[in-house]
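Asker: Need a 3D model of the sequence below.
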Amino acid sequence: MTAPARTGGGVPPVPTKSARPRERALKAVPAERRRSPAAERAYARRAQRTSSRGPAVTRQPVVAPKAPFVVMVMVVLGVGIAAIMWLSTQAAADSYRLQDARAEETRLARQVEQLRQDVALAESPLKLAEAAAKLGLIPAGDPARLRQLPDGTIEVYGKPSAVQPPPPPTTPADQQPPPEAP
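Answerer: Numbering: from 1, shown residues only. Okay, here's the model as predicted:
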């Protein structure tokens, strides 16, 4: 059995000025080359394979199913939308908590300022004198002052004076009712 002869195949060259050397080269090659015996056997085996199988079977390209990919994309989108909704809800809740915390901070700042004002008012000399009078304390008189001189001696300035305590307040229990007439 012999193999089919090789054909040149392809497009014949277009006769142009640049194609003339090529035409000369092609004319120099014999139309049918001699094949080696190994090549002849290979072509013969090839011809037997194609003829014994019958018509050539071409495989149709297999189209991968698109459903799993579409389902995966839909799941990813669904999870993404759910995550965005959850994060948005958490951000809104955090906003409300922040607003409440700021209101509480403002209330506490006002309370601290009020307490500072109360302490400053209670420390004023007028309020201290009123509180001392309620406790029965009396203002001190003229106190004496001591001064140490550079030579180490002490000098007394002013004359200390004693303060007379006020009379004790009278209560209704101290006053006796007038004796009753028979």
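Asker: so how far is the helix ranked longest in the chain from its chain's centroid?
Answerer: In the chain, with assignment by DSSP state H, the single longest helix is helix 67-122. For helix 67-122, the separation from the chain centroid amounts to 13 Å (computed by Cα atoms, centre = their mean, to the nearest Å).
Asker: Please apply the same query to stretch 120-127.
Answerer: Using Cα atoms, centre = their mean, the mean C-alpha position of stretch 120-127 is found 50 Å from that of the whole chain.
Asker: Quick check: which ranges of the chain have low pLDDT?
Answerer: Low-confidence segments of the chain (pLDDT under 70): 1-33, 52-57, 166, 169, 172-182.
Asker: Can I take it that residue 147 is in a helix?
Answerer: No. The assignment for residue 147, made by DSSP: H, G, I helix; E, B strand; the rest coil, is strand rather than a helix.
Asker: residues contacting it?
Answerer: With contact set as Cβ atoms under 8 Å, 6 or more residues apart in numbering, residue 147 has these partners: 154-157. For the C-beta atoms, the positions are set from N, CA and C on the backbone; glycine is no exception.
Asker: Export those residues to CSV and append columns for secondary structure, neighbour count and distance to residue 139.
Answerer: As requested, these are arranged in CSV below (DSSP: H, G, I helix; E, B strand; the rest coil; neighbours: other Cβ atoms under 10 Å; distance: Cβ to Cβ, whole Å):
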residue, secondary structure, neighbour count, distance to residue 139
154, strand, 8, 26
155, strand, 9, 26
156, strand, 10, 21
157, strand, 9, 20
